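Peer 1: mind looking at a prediction? Sequence and model below.
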Amino acid sequence: MTSLPSLPTEKKLGLVIDLDVCVGCHACVVSCKEWNTGGYGSACSDQEPYGRDVSGAWLNRVHSFEIIPEGGEVIGEGGQARIVHFPKSCLHCEDAPCVTVCPTGASYKRASDGIVLVDESLCIGCGLCAWACAYGAREMDLAAGVMKKCTLCVDRIYNATLAEEDRIPSCVRTCPTNARHFGDLGDPQSDVSRMVRERGGFDLMPEQGTAPVNKYLPPRPRTALAPAPMPQEGEASPEGFFGWLDRVLERL
Amino acid sequence: MHPASSIIVFSTLSGAGYGLAALLGVGLLDAAAPATKAAHLTALLLIAAGLVSSTLHLGNPRRAWRAVSQWRSSWLSREGVLAVLAFVPLVGVALFAWLEGRHPPVLGLLGAALALGVVYCTGMIYASLRAVDAWATPLTPLCYLLFALSSGALLAAAFRPSSTGLLALALLALGAAWAAKLVWRRRMFGVTPLSSPESATGLGELGRVRLFEPPHMTDNYLTREMGFRIARKHAAKLWRLALLGGGIVPAALLLLALIAPRPVLAGVVAALAAGLHLLGLLVERWLFFAEARHAVSNYYGR
Amino acid sequence: MPPEHRIDLSRPVGDEVYKTTCYMCACRCGIDVHLRDGKLRYIEGNRDHPVNRGVLCAKGAAGIMQQNSPARLRSPLMRVGPRGSGEFREISWEQALQTAVDWLAPIRRTDPRKLAFFTGRDQSQSLTGFWAQQFGTPNYAAHGGFCSVNMAVAGITTIGGAFWEFGAPDWDRAKLFMMFGVAEDHDSNPIKLGISKLKQNGARFVSVNPVRTGYSAVADHWIGVRPGTDGLLILALVHELLKARRIDVDYLSRYSNAPWLVLDAPGTAGHGLFARDDAGKPLVFDLHARQPVASGAQGCRAALSGRFTLADGGKAVPVFQLLAERYLDSAYAPEAVAARCGVPAETIRALAGEIGRVAFEETIFVPQPWTDMNGEVHDGFVGRPVAFHAMRGISAHSNGFQTARALHLLQVLIGAVDCPGAFRFEPPYPKPVEAHPRPHGKPEHFGSSQPLSGPHLGFPRGPEDLLLDEEGRPARIDKAFSWDAPFAAHGLMHMVIANAVAGDPYRIDTLFLYMANMAWNSAMNTAETIKMLEARDEASGEYAIPRIIVSDAYASETVAYADLVLPDTTYLERHDCISLLDRPISEPDAVQDAIRWPVLTPDRDVRPFQSVLIDLGARLKLPAFVDHRGQALYHDYADYITRHERRPGIGPLAGFRGPDGDKAGRGAVNPDQIERYKENGAFFSAHVPPEARFFKHANRAYQDFAVRMGFFDTPQPVTFQLYDEALQKFRLSAQGLREPRAPETHRARILETFNPLPIWYPPLDDGATEAEYPVHAITQRPMPMYHSWHSQNAWLRQIHTRNVLYVPGRVCDRLDLRDGDWVWLISHHARIRVPIRRTDAVNADTVWTWNAIGKRRGAWALDPDAPEAREGFLINHLIHELLPPKGDGMRWSNSDPVTGQAAWFDLRVRVEKAEAGEGVFPSFPPVARPHPTAGVPEEWRYGDEWRTAEEERA
């Protein structure tokens, strides 16, 4: 059914990604690949894995951006360029154009938790959903000819064979800097919702009108070093220093 | 956007086929004439060839039949539904022409409407994609419709070169189509992109955002499919070629056909005009994809 | 959900899960390896493991593709084509081992020096070193010489432990964290976990690094220092802190040698050495008694300044007097160093202000009574919550040793070593230099068919401990512990091939390499090194290095230069131990070690290298590997791990010792030890008692604990050596005042660099090249690619398939360079042609690239046209192993003069625009694949069969 669920979904499961701590290590990227290549649906294949034009299907990728503070907020060492590492996977949009364009009903949004999925048995591999997605969240698997995307590890988060604490997406479980958080963004009391409120979490490309569920937390504002000048006691000269030293030794 | 030849060939050929079929459906050609019978066959063959071509870019063509199920939300599905539906009256009209040499007006009008409906859906598939600024305009289906009509009219004129009216219609359609396309293209260059690297990353507050390192060093599906780039100079050259070969020269040829001895020489000239127009449209369609920038490019520094 | 979308939400991950230790890099995280149908399904971090606490990096998760790499060696190989061709024939293990014995046995009998045994990124140095010692060659080391020996030696000699394996920042309590020169390191996941924790706690993170990627990208402050000037920056901070009186005088008096008296007797053999009593104890001047007394005397208040007369009438001053005089000098003022460091004076001052403020205004107190080594009871631990961490960025310079010393000086000055919130030692460290061995390899230390008389690597106490022959020439092939590099505690692996081919100091017979890519990215001057490996002796026509044995698991560039290849297993197919005798995984609060064990069985004719080494040891009848009848003592490495005892009760593993497995540290051999480790998640952890957790260098409870655990047999407290007497002994030798006297050639250099107090001097290459080569060139290690071996990994290689040169905007503008343009990068001895990309997040005079992405065509089972080979590049070609000739024609090793650390980051270059379209230069002829018939997949659909099976079942 490629029409979107008519009511807000019961839950809005999604990710909150903290750009303040992501160091761009790609742990989430590879963990996602290894979980999903043997998990939900067909393998995430790799073409020419040892060849010239190597490529593969990845459901999560980390970009790095350089930001030149032209007229922007001056942070710490004003005027200098900075790097922000930027992980990106499906945002499980509330108004997901990738779902509505699908001609076969393979692409759908679950009414229960809002996860956007592809039923691979229905997918004809037309690629239109990838065109419809402004975020580049869908990748065709060239071996299977079906569309792959982040499932929010739907085969982990409800998996009764996993320990309770492991019922989270693979990328979240593995992230060494705790830059990825999973939860119900439809519940204002959830940890992720609170985090978004407190840290000024934002949507990517809100102007596309897709109402993404996943949120991003901006780098924290920087503060200046050493607000107070260093205290001085005694003369600045070496003699002054040794005089001070003697007084300190007296007091010890 | 990656200009996939299967899609380019599909939309050009089936567009011309539907355009011709629509004109046949409204009965602009003499149903009894042998050339009209050939025109019906041509229209159906063009449509069929186009549709076959369109399945070539599917990852799983064997499941293509599933594509008719989601007509309530998907323009692609609607296109498929209408394409299937249109075959019924179009084949019916053709059968009337072939077997009885006459034109059934109701069936014909129904066929024409469905044929143009398919073309409209094709246009809307693109126009509904907000992620592609160049496409997201009602001008897109308009161009598709007008080019379907112009290519259909040129073909029709070639099949019935004795008709001044048809030649004039072809000339008119040609002019209208390219005029619409010029407006479309001017919009493409002028439109402010809906999204930018700053909005794509949400980091515009910090300054100007540029890609430092892509997530993978070699091309991936996204960069191949959505990150296609063409040099401005190269695109301008191709555009001039399309306009000249697909618009100006066919128009001149149509004018020539108006004064040329009929039917043979005028027919040859009109056929030449139609052929050139289709070739020009292939280039136009290639540019339609190649020049369109997808919002995902904001993540890839393209 | 419509019924047609059926999903199996509760499919088990796999059918088996085993806990072992990762080896995708040297971080040594705990992993849960899930198998399905006997095949790898999923690798995730072990939540209970103290190193990674459940997380896992990109490399760890890509273990699946390492295990399935087509570059895995499949059987022993004997070279058939010329060296470097990669042409081999497969042989049996019996043939391979017999060949090795035939080559090695005569060497051991005649001249053991003729075997040079060097290991790369391995983690079994306690075995490999022990084996080399038993063999009797003085020529053994691991790769520390081109890695981070500056850091290790400076740390151990100054404070008794160094960064990384010897200590860690107190992530839980630090309020200011300063990191120098770390892009990505061995300690990958703990640093990431730690930075995250700091951020959560609201601590401030300052990164000093010429490049602002990775960790520096998330730092609150980035100091884009000019490469090689960190030491100057640190000493300017010291200057400011002294000026502002932001120093911990009590801490200095108690725990450092600041009060020790230094003889002031210029022109004598004792000048600059410590004044000592008859028992050899250093003297301090007691302000109460008004006389010199032995340091550590009860109730003494030692002077930190002044000039005192000793009993024999000689004069002496406290270390601190010398120290304060030096660093209060305006030469170290922020204004004086700003231009050189590329850091504004205001920034340096603000940074010093921040360090001082946090150390002394945000002091923390852990209320836990403890007793120091003098018996004084303290009611708690005072914490100066400023933590430092540093790595290769400061280490890989020819002034790196002194820079690392300067950093330790800064730590001690503010009282921030092993206190709450600061850098903390990890057991078995701290360990004073006196508790380390001296180096062995003097002519009297070895001989025909006998073991070396002691460990190869150690710490000289003075020039008398150098390993020199009768003529004063280096005894070791790499010239470690010679006048060239007296404190080369990790050897100089980067010099072995060049020295052996030059016959300087002598020729060798067999070079035995384990996991070291010396024919590619681990070599300086790679193009020339390749020629050396191919060079032949003119007289004999034999190769200049006649025999090369290589053990590796994968077809590296270096394998192509082997005459005999001993194929190793992957990390999932063998036993290993991460031992306290070697490079432990302890934490500040816990003693820890770990094992690897085979969770998969090799599908190839390969054997674990350590087991092969033990087998070779038995075949060569090395004393520690055979019993009195000459029979093999151990049947494999697992057996050795279990039963070997280095000292009575002390073996490779500290956990589960004793017959019942209930002893920690010391205890009899436990035959079930490995099983017990497996049951415990492949690691062992014993907590440091609460009262022993801080001030370990002077904490009685900790010292007792260390003795109990078997680190030492008697307590070994550490007094921080701000002033290093051993360095002064070298100066005296260089002045001709003390025996042995330094050769004339080395004197100026020793006087310039062996300063007993930390100094900064420009990188040795700088003066000669600065004008002509104005730009610095450095490399960084990308987080998802640790070593060259990850390019064979189908997943990781997609992230870094090729590298580009990142060029600062200023240089781009000057040369009109745009992204994708090509440039010539020119050093004093070579040039390379490479593609560029602009960046502004870098020091304005520094270009950089990712390390070890460039590959030789055909290596690592990659297509010869792979981007790694076609466009990827190494800057190693630009780095000569020798410095340009000086006036007298003498060419020094491109290394730190104190430790011999390879000075990778001293490189200076000139950038010139190049014509596009010609590809990278230099490029080399392809090497053949060692097993040409073994297939290389054209597509991976890893795990797809499980979906099919599921669907069929459904």
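Peer 2: Looks like it arrived, so ask away. Numbers count the residues shown, from 1 in each chain, chains lettered A, B, ... in the order given.
Peer 1: so what's residue B:41 closest to, chain neighbours aside?
Peer 2: Leaving aside its sequence neighbours, residue B:41 sits nearest to residue B:94 (C-beta to C-beta, 6 or more residues apart in numbering or on different chains; 7.2 Å). C-beta here means a position set from N, CA and C on the backbone, and glycine is covered the same way.
Peer 1: can you get me a residue count around that neighbour?
Peer 2: Residue B:94: 22 surrounding residues under other C-beta atoms under 10 Å in any protein chain shown.
Peer 1: now swap in residue A:164 and tell me
Peer 2: 7.
Peer 1: just the pLDDT for it.
Peer 2: As predicted, residue A:164 sits at a pLDDT of 97.
Peer 1: from chain B, how far out is it?
Peer 2: For residue A:164, the distance to chain B equals 32 Å [C-beta to the nearest C-beta, to the nearest Å].
Peer 1: ok, now residue C:267?
Peer 2: Using C-beta to the nearest C-beta, residue C:267 is found at 58 Å from chain B.
Peer 1: contact partners for the residue lying closest to that residue once chain neighbours are set aside?
Peer 2: Counting by C-beta to C-beta, 6+ apart, residue C:267 lies nearest to residue C:737, which is 7.1 Å off, once chain neighbours are set aside. Contacts of residue C:737 were listed using C-beta atoms under 8 Å, 6 or more residues apart in numbering or on different chains, and they are C:267-269, C:271.
Peer 1: narrow the residues you listed to those in helices?
Peer 2: Taking DSSP state H, every one of the contacts of residue C:737 sits outside helices.
Peer 1: and which of the residues you listed is nearest to residue C:98?
Peer 2: Set against residue C:98, the nearest of these by C-beta to C-beta is residue C:269 (55.2 Å).
Peer 1: re earlier: using TSV, lay out the contacts of residue C:737 together with pLDDT and neighbour count.
Peer 2: Shown next, in TSV, are these (pLDDT from 0 to 100; neighbours: other C-beta atoms under 10 Å in any protein chain shown):
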residue	pLDDT	neighbour count
C:267	96	7
C:268	97	14
C:269	96	15
C:271	98	17
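Peer 1: quick one: name the residues of chain B near chain C.
Peer 2: Contact residues (C-beta under 8 Å from any C-beta of the partner chain) of chain B with chain C: B:212, B:215-218.
Peer 1: which of those are close to chain A?
Peer 2: Contacts with chain A within the residues of chain B next to chain C, counted by C-beta under 8 Å from any C-beta: B:212, B:215-216, B:218.
Peer 1: among these, which are located in strands?
Peer 2: Using DSSP state E, the members of those that fall within strands are residue B:212.
Peer 1: among the ones next to chain A among the residues of chain B next to chain C, who's most crowded?
Peer 2: That'd be residue B:212 among those, by other C-beta under 10 Å, with 27 neighbours.
Peer 1: now for the longest strand along chain C, which elements pack on it?
Peer 2: Counting residues, the longest strand found in chain C (DSSP E) is strand C:831-839. With contacts taken as 3 or more C-beta pairs under 8 Å, 6 or more residues apart in numbering or on different chains; DSSP states H and E, strand C:831-839 sits against strand C:805-808, helix C:809-815, strand C:822-826.
Peer 1: any idea how far it is from the chain center?
Peer 2: Centroid separation for strand C:831-839 versus its chain: 29 Å, with C-alpha atoms, centre = their mean, to the nearest Å.
Peer 1: name the next helix or strand downstream of it, please.
Peer 2: Beyond strand C:831-839 in the direction of the C-terminus, DSSP states H and E gives the next helix or strand as strand C:846-850.
Peer 1: enumerate every residue touching residue 154.
Peer 2: I went with chain A, as the question did not name one. Contacts for residue A:154 were tallied using C-beta under 8 Å, 6+ apart; they are A:40, A:115, A:117, C:7, C:9.
Peer 1: that's the other chain; I wanted chain C
Peer 2: Residues counted as contacts of residue C:154 (C-beta under 8 Å, 6+ apart) are C:162, C:400-405, C:407-408, C:899.
Peer 1: mind redoing it with 6 Å?
Peer 2: By C-beta atoms under 6 Å, 6 or more residues apart in numbering or on different chains, residue C:154 lies in contact with C:401, C:404-405.
Peer 1: to chain A, which of the helices and strands packed on strand C:831-839 lies closest?
Peer 2: Closest approach to chain A among these (C-beta to the nearest C-beta): helix C:809-815, 8.1 Å.
Peer 1: need the CA coordinates for the closest one. PDB is fine.
Peer 2: Output in PDB follows, covering the C-alpha atoms of helix C:809-815 (Å, rounded to 0.1, in the frame of the first residue of the first chain):
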ATOM      1  CA  GLY C 809      43.600  27.400   0.600                       C
ATOM      2  CA  ARG C 810      46.500  29.800   0.700                       C
ATOM      3  CA  VAL C 811      48.700  27.500  -1.300                       C
ATOM      4  CA  CYS C 812      45.900  26.800  -3.700                       C
ATOM      5  CA  ASP C 813      45.300  30.500  -4.300                       C
ATOM      6  CA  ARG C 814      49.000  31.100  -4.800                       C
ATOM      7  CA  LEU C 815      49.300  28.300  -7.400                       C
END
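Peer 1: what's in contact with that helix?
Peer 2: C:838, C:840, C:844, C:911, C:913.
Peer 1: measure the first one to residue A:82 for me?
Peer 2: Same thing as residue C:838. 15 Å (C-beta to C-beta, to the nearest Å).
Peer 1: looking at these two now, which is surrounded by more residues?
Peer 2: Using other C-beta under 10 Å as the criterion, residue C:838 and residue A:82 rank with residue A:82 on top: 26 against 20.
Peer 1: show me what that one is bridged to.
Peer 2: residue A:67 (DSSP bridges).
Peer 1: what about the residue of the stretch 1-150 of chain B at minimum distance from chain A, how many residues nearby?
Peer 2: Closest residue of the stretch 1-150 of chain B to chain A, C-beta to the nearest C-beta: residue B:59 (1.9 Å). Other residues lying near residue B:59 total 18 when counted by other C-beta under 10 Å.
Peer 1: residue C:66 now?
Peer 2: By other C-beta under 10 Å, neighbour count at residue C:66 equals 27.
Peer 1: now do the closest residue to it other than its chain neighbours, the pLDDT please.
Peer 2: Nearest-residue entry for residue C:66: residue C:793, 5.4 Å, with adjacent residues in sequence omitted and distances by C-beta to C-beta, 6+ apart. We have a pLDDT of 97 for residue C:793.
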